[in-house]
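Novice: Structure for the following, please:
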Amino acid sequence: MNIEDLERLAARHWQAPGGGRLGEWLLRAADGFTGRGNSALPAGAPGIPLPAAVDAVEAWYRERGLPPMIVLFGAGRPHPLTPLLAERAWYPRQDPAFVMTAPVAEVLARSPAARIDLDPEPDEGFLRLYRYRGQDLPPIARTLLMSAPWQAFGSIRRDGRTVAVGRVSVVDGWGALTAVQVDSSCQRQGLGQAITGGLTAAAADAGARDILLQVATTNTPARALYARCGFRDSHRYEYMIAPG
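Specialist: Residues are numbered from 1 along each chain as shown. This is a model prediction of the structure:
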């Protein structure tokens with residue numbers, strides 16, 4: 001699967017409630033919660049010249065009270081929009097990230113057999129532990145967490161307390177891991193690999209053959225963990241924000 005197709009697929013795992021189209025580009029709005037839910041995905045052709053397309057993206061987001069943001073992705077070379085956005089003084093948001101992928105069978109072979117509790121919706125323990133960029137979840141978070149065609153929410157509990165969580169979704173034979181978090185008091189105890197393996201097993205049961213995730217380029221421990229589980233870098237992406 002090429003990078004554009006993989007990005008389109010990833011968008012279906014995390015679907016913003018407010019969205020639109022500009023040609024083949026996807027416009028997404030979700031009250032500012034998560035970059036993937038509030039950025040334009042320039043996969044394919046916008047149907048108009050690129051300068052006019054960027055103008056249209058700016059107008060669309062400003063009408064909704066959101067900072068105009070476009071996600072740029074690629075593997076080893078600049079995105080075609082890079083020089084145009086540079087001319088207009090668009091700047092990168094903190095924490096660019098990698099998309100990592102793996103065959104489900106390889107992740108299951110490398111991860112310990114761990115029992116996790118699976119629920120069709122995030123329960124109170126999940127929502128209490130999961131923090132996006134260290135912040136409490138806004139009301140719209142639940143809408144995004146439940147936005148895939150199929151998803152499940154995994155938890156590991158100790159003495160009645162939720163100590164690790166994660167979400168898995170499946171679309172067209174591809175699983176995706178999101179919202180993975182381990183309680184700070186329980187880190188370096190194998191829970192990250194256990195929740196990854198348990199969620200991947202759930203994806204396999206739902207028909208996934210391959211699986212993807214996103215991880216910040218600066219999150220070295222998480223990248224090392226996922227590499228041990230069999231994931232490899234597919235490509236890098238970053239969010240560019242309009243000035244003003």
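
Novice: hey, what's the residue nearest to the spatial centre of the chain bridged with?
Specialist: The structure's the chain has its C-alpha centroid closest to residue 214; by Cα atoms, centre = their mean the separation is 5.1 Å. According to DSSP bridges, the partner residues bridging residue 214 are residue 99.

Novice: Can you tell me how far it is from residue 96?
Specialist: 10 Å (Cβ to Cβ, to the nearest Å). For the C-beta atoms, the positions are set from N, CA and C on the backbone; glycine is no exception.

Novice: ok, residues contacting stretch 173-188?
Specialist: 9-10, 13-14, 104, 129-132, 145, 148, 158, 161-170, 191-192, 195-196, 199-200, 203-204, 206-214 (Cβ atoms under 8 Å, 6 or more residues apart in numbering).

Novice: Which members of these occur in strands, if any?
Specialist: 158, 161-170, 210-214 (DSSP state E).

Novice: ok, of those residues, which one's closest to residue 83?
Specialist: The closest of these to residue 83 turns out to be residue 214 (Cβ to Cβ; 25.2 Å).

Novice: From residue 225, how far off is the closest one?
Specialist: Distance from residue 214 to residue 225, by Cβ to Cβ: 14 Å.

Novice: Helices of the chain, residue ranges please.
Specialist: 3-13, 50-63, 82-87, 104-110, 124-129, 141-145, 191-205, 220-228 (DSSP state H).

Novice: Could I get the buried residue list for the last one?
Specialist: I take that to be helix 220-228. Under the neighbour-count criterion of 16 or more other Cβ atoms under 10 Å, helix 220-228 has 222, 223, 225, 226 buried.

Novice: Nearest to residue 112 among those residues?
Specialist: Of the buried residues of helix 220-228, the one sitting nearest to residue 112 (Cβ to Cβ) turns out to be residue 225, at 12.4 Å.

Novice: If anything else comes up later, I'll come back, but that's it for now.
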